[in-house]
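**Q** after the sequence you'll find the predicted model.
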2 protein chains.
Amino acid sequence: MKQHDRRLEVSNAAWRVIVREGLDRATMRAIARELDCTTGVVTHYFHSKEELILFALHQVTERLQRIMGTLTAQTEGAARLVAMLTAFLPVDREREEILRVWVAFLGYAVGREALMGEHQHSAGSLRQAIIQELEALQQTHVVRADIVPSSTANVLLALANGVALDTLLQAQSLSVKQQREAIEEQVQALLA
Amino acid sequence: MKQHDRRLEVSNAAWRVIVREGLDRATMRAIARELDCTTGVVTHYFHSKEELILFALHQVTERLQRIMGTLTAQTEGAARLVAMLTAFLPVDREREEILRVWVAFLGYAVGREALMGEHQHSAGSLRQAIIQELEALQQTHVVRADIVPSSTANVLLALANGVALDTLLQAQSLSVKQQREAIEEQVQALLA
DNA sequence: GGAAAAACATAACAACTGTTGTGATAAGCT
DNA sequence: AGCTTATCACAACAGTTGTTATGTTTTTCC
């Protein structure tokens, strides 16, 4: 157990360097310095940098799923769907960090089929969760029966991802309220 | 004139390397090899790698605006708005290349405020074009009068960006038809 | 408390990076 | 033609990278 915790500490240090200085400047030495130790620690818990990068990437999915879990814990109906999509929005510091690290890794995955596959796998499982929720909401007659869950999930996820990206791409980024409204409007159109 | 053409050739070679092997592997030597010459050429037309990177990044905006221009040349009304948004979708090889390079640069811009500023400037001008089109469509009563152009532009751009990203994030990526439908549906909801 | 193992420090390695300078060759110009 | 300048090849530079090996400290366990 302690072993895994220490790996998380190294990974978290890597995250901080990535967010602050960029993925390509997140070197073994920079990560060790962030952790206030030497590269010996990093190499001891990760056999190679590729392993560290992969572990740090998996943390994106881990954190997203954990956030999704807590957000949907005490919600029902349409609000639950909104909550799931809100997990992607950088409305607080942790989710903003997640977004930045995710974007950094996605750009790094261009030209690397294996890494892009990891992204696709992660996105696929999140997509599946949205689809299941849509189907459940259809059975309880909250969501219209004539919408197709799979393609609707695509649109919802595209919108959530797009809104999240806009916070990076717009000088005066969208307020939390604006982000939520964009999602809620789209969900509203699905209701029965 | 010849000077500028040669710079474009170097930049295009850089693009090809980025798409095929990733931005971090687009070294001076790799770019020169792609151009089938030595690093002497690259350093002769670009004083530093930073200048080359910046030039290659600006080509993203150049190409996008050129595509937007040709797509909107002979269209009118709502179809024109759809055409503008279609410029972002990776529906052919060039636009797919643009998307990949753009994503690579965006990830590279994480932790680099100056580079992210370039992205914001580019996204801002494209956003402005959408807003102006929405306003024009409102005056010709094609688009409902009660929508707010600026925030609507946010949603449309978010959806377009999100749909484009989904083609990278989904194993069996969205078909061209599916991409178009997602955009057209959203535009449809804006019409008077 | 002493042995075994985990945790960490340190230094050196070869490979690769962007940059620079020096020539060689070709193009343009008068 | 002859001079100038643009274009490009080539090599060497100092710095940085991930990795590895070897040592030192700390913890764990019986």
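**A** Sure, I can see it. Residues are numbered from 1 along each chain as shown, chains lettered A, B, ... in the order given.

**Q** what comes up buried for stretch A:17-34?
**A** A:17-19, A:21-24, A:26, A:28, A:30-32, A:34 (16 or more other CB atoms under 10 Å in any protein chain shown). Every residue, glycine included, has its C-beta placed from N, CA and C.

**Q** next one: stretch A:108-127
**A** A:108-111, A:115-116, A:118-120, A:122-123, A:126-127.

**Q** reformat these as a markdown table; add pLDDT.
**A** A markdown table is the format used below for those (pLDDT from 0 to 100):
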| residue | pLDDT |
| --- | --- |
| A:108 | 98 |
| A:109 | 98 |
| A:110 | 98 |
| A:111 | 97 |
| A:115 | 97 |
| A:116 | 97 |
| A:118 | 97 |
| A:119 | 97 |
| A:120 | 97 |
| A:122 | 96 |
| A:123 | 96 |
| A:126 | 95 |
| A:127 | 96 |
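
**Q** which ones among these map onto helices?
**A** A:108-109, A:115-116, A:118-120, A:122-123, A:126-127 (DSSP state H).

**Q** would you turn those into JSON lines with distance to chain B?
**A** Below are these laid out as JSON lines (distance: CB to the nearest CB, whole Å):
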{"residue": "A:108", "distance to chain B": "6"}
{"residue": "A:109", "distance to chain B": "8"}
{"residue": "A:115", "distance to chain B": "9"}
{"residue": "A:116", "distance to chain B": "7"}
{"residue": "A:118", "distance to chain B": "11"}
{"residue": "A:119", "distance to chain B": "6"}
{"residue": "A:120", "distance to chain B": "5"}
{"residue": "A:122", "distance to chain B": "8"}
{"residue": "A:123", "distance to chain B": "4"}
{"residue": "A:126", "distance to chain B": "10"}
{"residue": "A:127", "distance to chain B": "8"}
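
**Q** in chain A, where is pLDDT below threshold?
**A** A:1-2 (pLDDT under 70).

**Q** which residues touch the closest residue to residue A:19 other than its chain neighbours?
**A** Spatial nearest neighbour of residue A:19, chain neighbours left out: residue A:100 (4.9 Å); criterion: CB to CB, 6 or more residues apart in numbering or on different chains. The contact partners of residue A:100, by CB atoms under 8 Å, 6 or more residues apart in numbering or on different chains, come to A:18-19, A:168, B:110-111.

**Q** could you do residue A:171 as well?
**A** B:117, B:120, B:124.

**Q** out of the residues you listed, who's nearest residue B:72?
**A** Distance to residue B:72, by CB to CB, is smallest for residue B:124 among these, at 18.8 Å.

**Q** so the nearest residue to that closest one once chain neighbours are set aside, which state does it fall into?
**A** Excluding its sequence neighbours, the residue lying closest to residue B:124 (CB to CB, 6+ apart) is residue A:171, at 6.7 Å. When classified by DSSP: H, G, I helix; E, B strand; the rest coil, residue A:171 comes out as coil.

**Q** how close does residue A:171 sit to residue A:160?
**A** 21 Å (CB to CB, to the nearest Å).

**Q** residue A:88 too?
**A** 4 Å.

**Q** from the centroid of chain A, which residue is nearest?
**A** The centre of chain A sits closest to residue A:64, judged by CA atoms, centre = their mean, with a distance of 4.7 Å.

**Q** ok, it touching residue A:89?
**A** No: Residue A:64 sits out of contact with residue A:89 when judged by CB atoms under 8 Å, with a separation of 11.2 Å.

**Q** can you mark which positions in the helix or strand containing residue A:83 are buried?
**A** Residue A:83 is part of helix A:77-86, with elements assigned from DSSP states H and E. By 16+ other CB under 10 Å, the buried positions in helix A:77-86 come out as A:78-86.

**Q** and chain B, is that helix touching that?
**A** No: using CB under 8 Å from any CB of the partner chain, helix A:77-86 stays clear of chain B, coming no nearer than 11.3 Å.

**Q** could you pull out the strands for chain A?
**A** Using DSSP state E, no strands are found in chain A.

**Q** quick check: residues of chain A near DNA strand D?
**A** Residues of chain A lying close to DNA strand D by CB under 7 Å from any atom of the strand are A:2, A:25, A:27-30, A:39-40, A:43, A:47-50.

**Q** tell me which two in those residues are the farthest apart.
**A** The widest separation within the residues of chain A next to DNA strand D (CB to CB) is 29.3 Å, between A:2 and A:25.

**Q** distance of the residue of chain A found nearest DNA strand C from residue A:162?
**A** In chain A, the residue that lies nearest DNA strand C is residue A:40 (2.2 Å; CB to the nearest atom of the strand). Remark: distance between residue A:40 and residue A:162 (CB to CB) = 43 Å.

**Q** neighbour-wise, which of those two wins?
**A** Ranked by neighbour count (other CB atoms under 10 Å in any protein chain shown), residue A:40 and residue A:162 place residue A:162 first, with 25 against 10.
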